[in-house]
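> Test case, fold it:
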Amino acid sequence: MILDFITWNVDPILVHFGDGGIRWYGLMWAIGLYVCWAINERMYKRENCPAEWPDQLFFWMAAGVIIGARLGHCWFYEWHQYGQPWHLFGWEFTYRNPYIENPMRLLKIWEGGLSSHGGAIGLITAAILLNKYKYSRYPQFGTSWIWILDRLCVGVCITGAMIRFGNLMNSEIYGGPTDLPWGFIFVRDGQTVPCHPTQIYEMLYCLVALAVTWPMYWYTDARRREGLLLGVFLEIVFFTRFCLEFIKNDQEAFEADQLLNMGQWLSLPFIALGIYLIIRAYKRPLSPVVEKQPKSLEPKYQKQQGNDKK
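Prediction:
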């Protein structure tokens, strides 16, 4: 039997205690970050990187993506129209942003509001800082912020899919009405007609990105073409995101009169960056491979030496 639609009325809280509980969305974030770390740890072992690098990566990237996603949402999506425009120094202001007026609200992350584009900007910023202050101490590995993101983006595919599953459990960020048999009626958000479950569509393109970048890294020389993996990832994720925005509901009222919505405008720079990185990757020679890790970089070896001296 083929359903005409799916009635979606799932509780966004997985485990209740007190006035709150463990939410599906937060749990998906945690699982996604952990899986991303585990994938990169395996990659770093393959490439004989220093043992401390995966943990450093997790700290910097987790901080970067969460801070970036929060700031991105508050800056890009929280503009609301005044009842009456107001003037200052000859300028007319029609919109206001409560997070600029009260910056302490930025810390109230439990109120919701994370932007994937802001998270991407946060990851790039964190990768630049991580490479400058940590990885660059070992020049024999030839790292760069692009090198870091080439490997990170494979795990980010899983993280992105998990986050979109969290959005589905929250009954948020879905599309417009549809008569397709897999349309969802998001009861908890007050919907009475089937809508596109764009959270699932976005989960799928994240998994497609994983299916492409995973074998590229493990079974081809793509990891030696700096920027290729990252470029392919950006094209799959943000070009598909750009297209899906045509059937998604606007997140804020100010997007209604725009030619493109905010998600589409923010996707364009990443699409352009992806094209540039792919072209650049094939114009540059293959990066060298560190075949064997210098023993001076192995903590276990150093510890064993100390025991021998005793």
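> Now do the helix or strand where H73 lies: which elements does it pack against?
If you go by DSSP states H and E, H73 is part of helix 53-76. Identification of packing neighbours for helix 53-76 by 3 or more Cβ pairs under 8 Å, 6 or more residues apart in numbering; DSSP states H and E yields helix 24-46, helix 116-133, helix 145-169. The C-beta positions use only the backbone N, C-alpha and C, and glycine is treated the same way.
> change it to 6 Å
helix 24-46, helix 116-133 (3 or more Cβ pairs under 6 Å, 6 or more residues apart in numbering; DSSP states H and E).
> Tell me which of the ones you listed lies nearest to L168.
helix 24-46 (8.5 Å; Cβ to Cβ).
> ok, and what's touching the closest one?
By Cβ atoms under 6 Å, 6 or more residues apart in numbering, the surrounding residues in contact with helix 24-46 are 12, 14, 53-54, 57-58, 62, 151, 154-156, 158-159, 162-163, 165-166, 169-170.
> now the stretch 151-300 of the chain, which segments are flagged as low pLDDT?
252-255, 289-300 (pLDDT under 70).
> now the strands for it?
Shown for the stretch 151-300 of the chain, the strands assigned by DSSP state E, counting those that start in this stretch span residues 184-186.
> For N102, give me the pLDDT.
pLDDT for N102: 76.
> Give me the neighbour count for it.
10 (other Cβ atoms under 10 Å).
> Highest mean neighbour count out of the helices and strands packed on helix 53-76?
helix 116-133 (a mean of 20; mean count of other Cβ atoms under 10 Å).
> That one packs against which elements?
Contact partners of helix 116-133 among helices and strands, from 3+ Cβ pairs under 6 Å, 6+ apart: helix 53-76, helix 145-169.
> most packed of those helices?
helix 145-169 (a mean of 24).
> Does anything pack onto that one? Which helices or strands?
Secondary elements touching helix 145-169 (3+ Cβ pairs under 6 Å, 6+ apart): helix 24-46, helix 116-133, helix 198-219, helix 228-234.
> Relative to the whole chain's centre, how far out is it?
5 Å (Cα atoms, centre = their mean, to the nearest Å).
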